[in-house]
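Engineer: This is the structure alone, sequence omitted:
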């Protein structure tokens, strides 16, 4: 049974710092992996999607990597801004889509 | 282009009642999936519809059901509501499902069961 874990559950960093969010999964036979952000009380916004054959994807200040063999993905955020404050979730797909419980990120002005 | 629209945004129901939630996907998207989000369990997959057929289903009781219409709009129904059904219900649409092209989520329906 696929399990997705995100550590830490919460993180506070000063504005301007680079940071890494972690996602681990137990079954490496995934179809793809996606990172989302969720603002309080809102739906999810797709950030990056990595197909199983890919190693990383980049969008602006965001870079996501995927290492299927070790069951890990990281989301790197460069030069963090207060507007980056949100909960970040990763999700993996094999025969179903399984979400982690997210990392609640707070960027301190 | 218009995003994914979920109605209503907020709903308060009494235990034992039933409820129907609606999701209108992005034009051209044929896959609609539904999710339940609670503080304790996080975000859990309910089911996915593609071209009016349920293609995939999560581990929820039969009280949770759905359907998809020919215009790809989808409805989710929960019968005999329980207090534990209080949650944010999200739907997402995509071109073909399984996150091939990424999912676009709606803002959700906040259901409170009292």
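Structural biologist: Arrived safely. For clarity, every value in this text was computed on a predicted model and none was experimentally measured. Residues are numbered from 1 along each chain as shown, chains lettered A, B, ... in the order given.

Engineer: Quickly list what the nearest residue to residue B:81 once chain neighbours are set aside is bridged to.
Structural biologist: Leaving aside its chain neighbours, residue B:81 sits nearest to residue B:113 (4.8 Å; criterion: C-beta to C-beta, 6 or more residues apart in numbering or on different chains). Quick note: C-beta positions are derived from backbone N, CA and C, even for glycine. Residue B:113 has the following beta-bridge partners by DSSP bridges: residue B:13.

Engineer: Which positions in chain B make contact with chain A?
Structural biologist: B:4, B:6, B:33, B:35, B:42-45, B:56, B:58, B:88, B:90, B:92, B:98-100, B:102-108, B:110 (C-beta under 8 Å from any C-beta of the partner chain).

Engineer: Generate a PyMOL selection restricted to the buried subset of the residues you listed.
Structural biologist: Here is the PyMOL selection string for the buried members of these, based on 16 or more other C-beta atoms under 10 Å in any protein chain shown:
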select buried, chain B and resi 4+6+33+35+42+43+44+45+56+58+88+90+92+98+99+103+104+105+106+107+108+110
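
Engineer: So which of the residues of chain B next to chain A are in strands?
Structural biologist: Assigned to strands by DSSP state E, the following of the residues of chain B next to chain A qualify: B:6, B:33, B:35, B:42-45, B:56, B:88, B:90, B:92, B:104-105, B:110.

Engineer: re earlier: could you check how far the residue nearest to residue B:81 is from residue B:38?
Structural biologist: From residue B:113 over to residue B:38 the distance is 12 Å, taken as C-beta to C-beta, to the nearest Å.

Engineer: what bits of chain B have low per-residue confidence?
Structural biologist: Low-confidence segments of chain B (pLDDT under 70): B:1, B:98-101.

Engineer: Spatially central residue (nearest the centroid) of it, please.
Structural biologist: The structure's chain B has its C-alpha centroid closest to residue B:34; by C-alpha atoms, centre = their mean the separation is 3.2 Å.

Engineer: which residues does that residue bridge with?
Structural biologist: residue B:47, residue B:91.
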